[in-house]
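> I'd like to go over a predicted model; first the sequence, then the structure.
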There are 6 protein chains.
Amino acid sequence: DFMHALDEVHPAFGVSEEELATVVQNGIIHYSSSIGNILNDGQLYVEQVRNSTRTPLVSVLLHGPPGSGKTALAATIAMKSNFPFIKLVSPEDMVGFSEAQKIAHMNTVFNDSYKSPLSIVVIDQIERLFDYVPIGPRFSNNVLQALLVLLGKRPPKGRRLLILATTSNRPILTDMDAIATFDAQIHVPSIAKLRHVDLVLRQVGLFDDEQAHERAMELLHQAQLNESGKLLIGIKRLLAVAEMAKQDPNPAEKFATTLVNSL
Amino acid sequence: DFMHALDEVHPAFGVSEEELATVVQNGIIHYSSSIGNILNDGQLYVEQVRNSTRTPLVSVLLHGPPGSGKTALAATIAMKSNFPFIKLVSPEDMVGFSEAQKIAHMNTVFNDSYKSPLSIVVIDQIERLFDYVPIGPRFSNNVLQALLVLLGKRPPKGRRLLILATTSNRPILTDMDAIATFDAQIHVPSIAKLRHVDLVLRQVGLFDDEQAHERAMELLHQAQLNESGKLLIGIKRLLAVAEMAKQDPNPAEKFATTLVNSL
Amino acid sequence: DFMHALDEVHPAFGVSEEELATVVQNGIIHYSSSIGNILNDGQLYVEQVRNSTRTPLVSVLLHGPPGSGKTALAATIAMKSNFPFIKLVSPEDMVGFSEAQKIAHMNTVFNDSYKSPLSIVVIDQIERLFDYVPIGPRFSNNVLQALLVLLGKRPPKGRRLLILATTSNRPILTDMDAIATFDAQIHVPSIAKLRHVDLVLRQVGLFDDEQAHERAMELLHQAQLNESGKLLIGIKRLLAVAEMAKQDPNPAEKFATTLVNSL
Amino acid sequence: DFMHALDEVHPAFGVSEEELATVVQNGIIHYSSSIGNILNDGQLYVEQVRNSTRTPLVSVLLHGPPGSGKTALAATIAMKSNFPFIKLVSPEDMVGFSEAQKIAHMNTVFNDSYKSPLSIVVIDQIERLFDYVPIGPRFSNNVLQALLVLLGKRPPKGRRLLILATTSNRPILTDMDAIATFDAQIHVPSIAKLRHVDLVLRQVGLFDDEQAHERAMELLHQAQLNESGKLLIGIKRLLAVAEMAKQDPNPAEKFATTLVNSL
Amino acid sequence: DFMHALDEVHPAFGVSEEELATVVQNGIIHYSSSIGNILNDGQLYVEQVRNSTRTPLVSVLLHGPPGSGKTALAATIAMKSNFPFIKLVSPEDMVGFSEAQKIAHMNTVFNDSYKSPLSIVVIDQIERLFDYVPIGPRFSNNVLQALLVLLGKRPPKGRRLLILATTSNRPILTDMDAIATFDAQIHVPSIAKLRHVDLVLRQVGLFDDEQAHERAMELLHQAQLNESGKLLIGIKRLLAVAEMAKQDPNPAEKFATTLVNSL
Amino acid sequence: DFMHALDEVHPAFGVSEEELATVVQNGIIHYSSSIGNILNDGQLYVEQVRNSTRTPLVSVLLHGPPGSGKTALAATIAMKSNFPFIKLVSPEDMVGFSEAQKIAHMNTVFNDSYKSPLSIVVIDQIERLFDYVPIGPRFSNNVLQALLVLLGKRPPKGRRLLILATTSNRPILTDMDAIATFDAQIHVPSIAKLRHVDLVLRQVGLFDDEQAHERAMELLHQAQLNESGKLLIGIKRLLAVAEMAKQDPNPAEKFATTLVNSL
Ligand SMILES: Nc1ncnc2c1ncn2[C@@H]1O[C@H](COP(=O)(O)OP(=O)(O)OP(=O)(O)O)[C@@H](O)[C@H]1O
Ligand SMILES: Nc1ncnc2c1ncn2[C@@H]1O[C@H](COP(=O)(O)OP(=O)(O)OP(=O)(O)O)[C@@H](O)[C@H]1O
Ligand SMILES: Nc1ncnc2c1ncn2[C@@H]1O[C@H](COP(=O)(O)OP(=O)(O)OP(=O)(O)O)[C@@H](O)[C@H]1O
Ligand SMILES: Nc1ncnc2c1ncn2[C@@H]1O[C@H](COP(=O)(O)OP(=O)(O)OP(=O)(O)O)[C@@H](O)[C@H]1O
Ligand SMILES: Nc1ncnc2c1ncn2[C@@H]1O[C@H](COP(=O)(O)OP(=O)(O)OP(=O)(O)O)[C@@H](O)[C@H]1O
Ligand SMILES: Nc1ncnc2c1ncn2[C@@H]1O[C@H](COP(=O)(O)OP(=O)(O)OP(=O)(O)O)[C@@H](O)[C@H]1O
Ligand SMILES: [Mg+2]
Ligand SMILES: [Mg+2]
Ligand SMILES: [Mg+2]
Ligand SMILES: [Mg+2]
Ligand SMILES: [Mg+2]
Ligand SMILES: [Mg+2]
């Protein structure tokens, strides 16, 4: 049984520790075996970087729908490595940056990483970094090109680097011929089974009593979410709907209705 | 009966109080039950931000046709919250701003909001903020990207933020993959029933005597606005037509003719 | 009979008086009843701004073919208002301005208008202001966006503003979703009837003797302009053709030939 | 018979006299009656500007194929006017100018013209002024917009201005909605008849003896240029071919062959 | 038999020696006869530059799929020449450079090369140098044009230059009419035969015992990689998969599964 | 028989003498009668400029496939003129120039040429000057427009100018409406006959003995290059293939194979 509560995370003594912990604010709930597999895969690449002299650079792409937990999982893998250098590159820290400033910032992070024997750089929301929008489409080619070079640039002699990038839009990376730049890919799925919803609800303790919990699940079953294949929700939004329902005098009904309406 | 005159608004002690009051210049007329529902929904999100520790950020999109009352309703929800920080981000305050200046202005408002334990930021006319025009289409991708990041950026530890954004062009946000950034949406409809027109006219006291009022309504009925489904007018323009008719020696006829011709 | 010679214009004591008078250089000839209707409509909006507290901002679009008299009519409506602030915003005063300079200029005019209790701003050739050209199409989106915001921006408490904008290209404004920004529209037609040409010719005294006048009109009738529906000429160009014909030893023939050939 | 040698040109005492004379380097050969008509039409517009108080601005477009003589004819009309201000605006004087510099230069010329009671501005190769190229198509919209405004901008009280613009690409002006800005148009055709070629050859004295002249014309007749409708050559290129043939020991054959091959 | 271990490389005394050695970090494994042919071809062009006075400039394009070994092979050819000037131009050294800076850098390298009697310039990842991305497509035309000129620019009298450029995207160079600029082309293929995989595995010593090696090859044979034509993998990625498998307690199975899944 | 060895070139005392000589490094081989015709045509235009007062400006376009010898031929025509001013405008001298710098450079060359009574300006690789690339297509419109004006700009009184421009891409000039700017065109073909290859080989003395020469020609005949119409190679590349073959122990076979494979 994989329902062994929240994963314990011991952050490394790198500079971004607090920032990384923040993005895993609600912990990692092991609602399905896929969560464990993702974390295991992540650890495998960590070991490859730690041990192999032939591949001093390994870059991995975590991809999946919005809110499926990509950022939290990448941060968790990174924190578990205990590498001396772990850094998060996020669009949230670059609001209002010019293209040149973004590139300079990324370049600095990579150059810093080259100073440590073992490093991890997490590049979050990669498509937001190069300002992608489907209309046009438009994006910053300068930032994209800098990213493509940095993703493939071997660290200097004696240095090893693991890159963990996240995206909600893998197709656009394919269209951009940018996928070949990654050494490996990890898929992060949405929640698609009521069983997994059940586990999450218990974990977060949405309801005070078992009865309410069962009423909520009963309502979801009646909506035939499982059978219709309509259930498909990221862990992030599932937690948000639960919180909203909590404000209601009738959380079970509120939760079930809102979830069903939002699909 | 929902015709309990104008909604009473007690603005918070935030900085934008006067500005918020200005955009509700003509008050909120409860001409239909949907008005109450919108205000209730708004209050629900206010409470979620006030109470939940898991979701320190909630962003809501108010969308509807031009002049349907989005700005006035968003301002009203915000003012009712009594949150210590309430701020309006509006294109009207940024005429002639460069892209960089717009982004800097928005960034400042958000950074200010992060200093208050409980905050609301109203982002008005979101498509005008990023200079959208359907020919091309053209828009400022830099401003859009900054908005997308700010709409999803978690406030620092211990801070909570509710974002209320308005738009008359939800489809373009969908095309831009920008809808997923919002946690929830509220629809603000136009007026589509003569019954509601009747209530508005009484509320604003367009006519001095009941006879004139009835003559006007009679003319509208004769134009078969209800049956044809042609009636569809924002509260803002309905008030404007009423004011124009007031200038006429024959307000009942003037009002009916102008309304019918403008549909 | 509407042939009561030139309309008498008493310009207000606003700053642009001379400039406004210049654009009505040849006066307003009441060659058709539509001229009077347009001026009446204009006055109605003037009164709405003067009297209503609910609509401190009214914006009106005068649209029609090139040379149909839009600018002269807008200026005439404005001058008749006797509002203390009347200002003309024209592309002719902004040759060689950068986008930023254009926006700054417009912004200044609007800000100045907000200082007067009652103001009129005439925005002439709105599509030329934002540099529209059908190839591409191309236009200055920055100027357009500034205009759209200014056209809908409520003046501060206690101030009232009437905006009169002119355009020869209403379809492009529709394509740009810019029409909804206007509170009302006034159509300014071309001259389409020989009867109206007749009135204009008499008014400007093209011919020294009645015989020449009748010969010219006879020639136009023979060309079947009325029946064929081919007659469609702006008052501006009609006056130009008349002036050119005046240089000729044979003005009646010259006038008729040139007019027919130019259609 | 219109073969009365070269037109005599008395340039005005304006500033551009020498420049204008240069562009008519080879004089005006009256090889066809159309040349006289063009010059007469030009004079008519000169008189309109001189005499009419109602139309202080008249703008005329001379259009025709490359090398048909547009620039020389516009310069000739201008020089014959004896107006105190005559100025040529030509792309040749603006190589390497930025858009802003081009606009500033044109603006200066127009502002200077407004200081003279009677002025002519010749705007040469209008499509080259705004950098038009059919691929794209691309052009400087800023320069185009400035031109469109200047072409329609009424000079100040008491000043009169005639604008003569030339173009080899009228269709593109139509596509740009720029044609309506002109008050009138003059077409300048290519040479399409052997009779006219004959007159030009005699005028420039290509051959020393009548025999050679007749042999050349005979060769052209044998090539059936008249019947096939293939003859279509600008006066400028015809003069060039004649000069090239002059270098040859056998000018008659050289002239005929080159002309036929170049069509 | 071409399995004579790693090729021995004696780098020249040029400036980039260390950098060039770095890109051949894992040596050149002669897994197929094509490797020898490529190196021989390379040497032929080296001799042409060394000996011919008629062709002081020779430019060669090495093209092939991502990771097929282009950069390592170009570096090896260059280092074997013993030319006094050998320089690598790589996008990795220009992250964040502006277009002008990139061009200046390349120009400097070429100008430096002109000072040596015999030079080699290796231009790596040519499509990344001009920022190519298939969406649009977009690229830096300025950098491309500078490259095209430099690739064809004859060195000054008495100087000889060999240019070795690499690309993973030859089709785009064809579309850009850039192929004709090269004097010759060398194709670098991916690995497509299990026999070659076998040789590589032995060379890198992936398995400690012969049994494991044979089990891995047996698994690949069972997957019918040879027959299906599905095997197509660059030497670079093959080495990466081997390294990853090394981390696993079960490297034979891990290697086979990962290789099969990655095709 | 036109095989009278290399054409003798006496460069003028102009400033670019050395540069011009460089581009004809391998001389002009009269392998076909077309070479003589091209040089004769060139001389004709030289004489037109020298003698005619009516055409002080003559511009000629040399066009043909890559490597067909355009630059060498243009330089040869120029050097034979003995004009006091001869200057080469080449993209090779403008690597990294901005658009403005390119235009300034060209403008300076033309202005310098206007100071000499008789001048030749060679504009090499005209499509590379304005940065043309077929993808898009993209090009520098500013440089193109400057070129178009300079190509048609009459030199000042008493000055004469011959412009010789080269291009490998005449179709794009046609698409750009730029062809009409030239007074004449000269076509420079590729080599398409084995007979001409034979002459070139003898001229450059590829083989030490007659036997080897005949073996090489025999191999080419066997490949049926003449009959198939597949032979089409610029003189520049033919010389390059010969030089490469020289490095081989077996030049006859190497030459034949490489030539056949490169077609
Ligand atoms: N098994 C899990 N995997 C990932 N996140 C989890 C899991 N269980 C709980 N969480 C919580 O769910 C949230 C996931 O949000 P996160 O920002 O990582 O999603 P995301 O896919 O990066 O979203 P976005 O597409 O918006 O970038 C975090 O608050 C995290 O603590
Ligand atoms: N029930 C109501 N809801 C909203 N506004 C109302 C209502 N009753 C009256 N009003 C008045 O109607 C006007 C609505 O205008 P508002 O600017 O909010 O519309 P909007 O939808 O934001 O318009 P726009 O699309 O132009 O931004 C305000 O003056 C407000 O005071
Ligand atoms: N009834 C009329 N309406 C308008 N203008 C008239 C009328 N009678 C005479 N005029 C004269 O006709 C001219 C109209 O020109 P005006 O510039 O106003 O036209 P316009 O439609 O603005 O042209 P454009 O499309 O070029 O901007 C003015 O000189 C004006 O004095
Ligand atoms: N009847 C004529 N009309 C015009 N030009 C003539 C005539 N007779 C002789 N010429 C000479 O022919 C030449 C016409 O050249 P011009 O530059 O005016 O042609 P263009 O149409 O402006 O050419 P482009 O299309 O290149 O601008 C001048 O040298 C002029 O002196
Ligand atoms: N026969 C070989 N040819 C090329 N490289 C080899 C060979 N044998 C081993 N290698 C090693 O394989 C790697 C090839 O990587 P390299 O970067 O040269 O590939 P690439 O084709 O340039 O990749 P990319 O497409 O990413 O630029 C190097 O580490 C090199 O040492
Ligand atoms: N008959 C010839 N015509 C031209 N060039 C010749 C001839 N015979 C020998 N050559 C030599 O051939 C070479 C021609 O190269 P050149 O650079 O002139 O060709 P190009 O057509 O300008 O090439 P590109 O298309 O690359 O600009 C020169 O080295 C020249 O000396
Ligand atoms: Mg994320
Ligand atoms: Mg609003
Ligand atoms: Mg007007
Ligand atoms: Mg001309
Ligand atoms: Mg490489
Ligand atoms: Mg060349």
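That came in fine, so what should we check first? Residues are numbered from 1 along each chain as shown, chains lettered A, B, ... in the order given. Ligands and ions are numbered 1, 2, ... in the order given.

> Double-check that A:Pro65 belongs to a strand.
No - counting by DSSP: H, G, I helix; E, B strand; the rest coil, A:Pro65 is located in no strand; its state is coil.

> Quick check: the closest residue to it other than its chain neighbours vs A:Leu232, distance?
What sits nearest to A:Pro65 in space, not counting adjacent residues and going by CB to CB, 6 or more residues apart in numbering or on different chains, is A:Ser190, at 4.9 Å. In short, each C-beta sits where N, CA and C put it, glycine included. Per CB to CB, to the nearest Å, A:Ser190 is found 5 Å from A:Leu232.

> which residues are in contact with both of these two?
Residues touching both A:Ser190 and A:Leu232 (CB atoms under 8 Å, 6 or more residues apart in numbering or on different chains) are A:Pro65.

> Look at these two and report which has more neighbours.
A:Ser190 (19 against 13; other CB atoms under 10 Å in any protein chain shown).

> What strand or helix carries the residue in chain A positioned nearest to chain D?
Chain A approaches chain D most closely through A:Gly136 (17.6 Å), counting by CB to the nearest CB. Assigned by DSSP states H and E, A:Gly136 falls within no helix or strand.

> Can you tell me the closest non-neighbouring residue to it?
In space, and not counting its chain neighbours, A:Gly136 is closest to B:Asn141: 7.9 Å by CB to CB, 6+ apart.

> any chance you could read off phi and psi for the residue of chain A closest to chain D?
Here is the backbone geometry of A:Gly136 (degrees, to the nearest 10): phi 120, psi -70.

> Run a quick neighbour tally on it.
15.

> just the one 4 residues further on next, same as before
Each residue near A:Ser140 was counted by other CB under 10 Å, and the total is 20.

> gap between the residue of chain A closest to chain D and A:Pro65?
Counting by CB to CB - A:Gly136 and A:Pro65 are separated by 23 Å.

> re earlier: so how far is C:Asp175 from the residue nearest to A:Gly136?
Taking CB to CB, one finds B:Asn141 at 21 Å from C:Asp175.

> ok, now how distant is the residue of chain A at minimum distance from ligand 2 from ligand 4?
Across chain A, the shortest distance to ligand 2 (CB to the nearest ligand atom) belongs to A:Ile135, at 21.6 Å. Distance, A:Ile135 to ligand 4, using CB to the nearest ligand atom, to the nearest Å: 42 Å.

> which residues touch that residue?
B:137, B:139, B:172, B:175-176.

> Mind checking which of the residues you listed are in helices?
If you go by DSSP state H, the contacts of A:Ile135 have B:172, B:175 in helices.

> Redo the contacts of A:Ile135 as TSV? Include distance to E:Leu129 and neighbour count.
Shown next, in TSV, are those (distance: CB to CB, whole Å; neighbours: other CB atoms under 10 Å in any protein chain shown):
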residue	distance to E:Leu129	neighbour count
B:Pro137	32	13
B:Phe139	31	24
B:Ile172	36	19
B:Asp175	34	14
B:Met176	32	22
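
> What about the closest residue to A:Leu263 other than its chain neighbours, how many residues nearby?
Once flanking residues are discounted, A:Leu263 sits nearest to A:Lys230: 5.2 Å by CB to CB, 6+ apart. By other CB under 10 Å, the residues close to A:Lys230 number 13.

> same question, A:Leu263
Residues near A:Leu263, counting by other CB under 10 Å: 12.

> Do you know the pLDDT at it?
At A:Leu263, the model reports a pLDDT of 82.

> What of A:Leu206?
Per-residue pLDDT puts A:Leu206 at 89.

> So it sits against A:Asp248, correct?
No - with contacts defined as CB atoms under 8 Å, A:Leu206 does not count as touching A:Asp248, sitting 11.2 Å away.

> And the two? Which one has more around it.
A:Leu206 (20 against 16).

> What residues sit buried inside the helix or strand of chain A with the lowest mean pLDDT?
Ranking every helix and strand in chain A by mean pLDDT, DSSP states H and E puts helix A:17-23 at the bottom, with a mean of 81. Of the residues in helix A:17-23, those buried by neighbour count under the rule 16 or more other CB atoms under 10 Å in any protein chain shown are A:19-20, A:23.

> Of all pairs in the contacts of A:Ile135, which one spans the longest distance?
Greatest spatial distance among those (CB to CB): B:Phe139 and B:Asp175, at 10.7 Å.

> Do a quick rundown of the helices in the stretch 101-250 of chain A.
Shown for the stretch 101-250 of chain A, the helices assigned by DSSP state H, counting those that start in this stretch span residues A:126-129, A:141-152, A:170-175, A:194-204, A:210-222, A:225-228, A:235-246.

> so where's chain A shaky on pLDDT?
Along chain A, segments meeting pLDDT under 70 span A:1-15.

> so how far is A:Asn40 from the residue most central in space within it?
With distances taken as CA atoms, centre = their mean, A:Lys70 lies nearest the centre of chain A, 1.3 Å away. According to CB to CB, A:Lys70 and A:Asn40 sit 16 Å apart.

> mind giving me the domain split of chain A?
Domain assignment of chain A by automatic domain parsing yields the ranges A:17-187, A:194-262.

> looking at the ones you listed, which is buried most?
With neighbours taken as mean count of other CB atoms under 10 Å in any protein chain shown, those reach their highest mean count in domain A:17-187, at a mean of 20.

> okay, how far is it across that domain, tip to tip?
With CA to CA, to the nearest Å applied, domain A:17-187 spans 25 Å between its terminal residues.

> quick one: it to chain centroid distance?
Centre-to-centre, domain A:17-187 and its host chain are 10 Å apart (CA atoms, centre = their mean, to the nearest Å).

> That domain near ligand 1 at all?
Yes - counting by CB under 6 Å from any ligand atom, contacts between domain A:17-187 and ligand 1 involve A:24-29, A:35, A:66-73, A:125, A:168.

> In helices, which of those fall?
A:35, A:70-73.

> OK, now which residue of chain A is nearest to chain F?
Closest point on chain A to chain F, by CB to the nearest CB, is A:Asn141, at 13.9 Å.

> you'd agree that residue is up against E:Arg138?
Yes - counting by CB under 8 Å, A:Asn141 does reach E:Arg138; the two are 4.9 Å apart.

> so what's in contact with those two at the same time?
Counting by CB under 8 Å, 6+ apart, the shared contacts of A:Asn141 and E:Arg138 are E:Asp131.

> Spatially, and excluding backbone neighbours, which residue is closest to A:Gln125.
That would be A:Pro91: by CB to CB, 6+ apart, it lies 5.4 Å from A:Gln125.

> contacting residues for the residue nearest to the centre of chain A?
A:62-64, A:166-168, A:188.

> does A:Ala245 really touch A:Leu201, like I thought?
No - using CB under 8 Å, A:Ala245 makes no contact with A:Leu201, being 10.0 Å away.

> what's the distance between A:Val95 and chain B?
5 Å (CB to the nearest CB, to the nearest Å).

> that's a helix at that residue, yeah?
No - A:Val95 is assigned coil when assessed by three-state DSSP, not a helix.

> I'd guessed it sits against B:Lys102; true?
No - contact criterion CB under 8 Å: A:Val95 and B:Lys102 do not qualify, at 11.7 Å.

> Common neighbours of those two, please.
B:Ala146.

> my read: the residue nearest to A:Pro65 touches A:Leu238, true?
No - applying CB under 8 Å, one finds A:Ser190 not in contact with A:Leu238, separated by 9.1 Å.
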